[in-house]
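K.L.:
sequence first, predicted coordinates after that:
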Amino acid sequence: MIADEHVLLSASFGSFDSMLETLDEEDALRGIERVKRIPIISDLIDDYFAGDVEAINSIAVRQPGAQFSQAAWKAMRKIRAGKVLSYADLAHRAGSPAAVRAAGTACAKNAIVVVVPCHRVVKTGGALGNYAYGLDVKQWLLHHEGAL
């Protein structure tokens, strides 16, 4: 995870270097200090994985992206744990019903996994769709939250 004070900028199951690449220029130019825990954010993430799936809702986030992506990420944060939304419904909630592919792209470009819950977005009909960290991880997250 990468944060600016109490605002989460990136969270990933991948490498630290890949997270650095997702930051906007201003955040990337700041001095980044490696620490074992980020106050408050680490506790809330721990609570989520310990079973309090609503704990992550109070984490403030910021990531660079186009207007539609920002709207899609905001809509993703409104999907309650234990629920899923189709890519088509996400496009609609983000303000562009015809932008189903753009909704998928917003999911793929999401730099704050789990907290901006792109794993809660599935294909129309309920098939899981894609997930950057593998369908087994997406399935585990959805099962953990009670959606499966």
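P.N.:
That came through fine.
K.L.:
and the strands in the chain?
P.N.:
Ranges of strands within the chain are 2-4, 7-10, 60-61, 85-86, 121-122, based on DSSP state E.
K.L.:
for the fourth one, name the packing helices and strands.
P.N.:
For strand 85-86, the helices and strands in contact under the criterion 3 or more Cβ pairs under 8 Å, 6 or more residues apart in numbering; DSSP states H and E are strand 121-122. Any C-beta I mention is one placed from the backbone N, CA and C, and that applies to glycine too.
K.L.:
again, 10 Å this time
P.N.:
If you count contacts as 3 or more Cβ pairs under 10 Å, 6 or more residues apart in numbering; DSSP states H and E, strand 85-86 packs onto helix 87-93, helix 100-109, strand 121-122.
K.L.:
got it, and the first one?
P.N.:
Using 3+ Cβ pairs under 10 Å, 6+ apart as the contact criterion, the elements in contact with strand 2-4 are strand 7-10, helix 16-20, helix 25-29, strand 60-61.
K.L.:
for these, which one sits closest to Leu44?
P.N.:
Checking the helices and strands packed on strand 2-4 against Leu44 by Cβ to Cβ gives strand 7-10 as the closest, at 9.4 Å.
K.L.:
and the contacts of that closest one?
P.N.:
By Cβ atoms under 10 Å, 6 or more residues apart in numbering, the surrounding residues in contact with strand 7-10 are 1-3, 16, 18-24, 27-28, 30, 32, 38, 40-41, 44-45, 56, 59-64, 110-113, 115-116.
K.L.:
selecting buried members of those residues in PyMOL, what would you type?
P.N.:
In PyMOL, this line selects whichever of these come out buried by 16 or more other Cβ atoms under 10 Å:
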select buried, resi 1+2+3+19+22+23+27+32+38+41+44+45+56+59+61+62+63+64+110+111+112+113+115+116
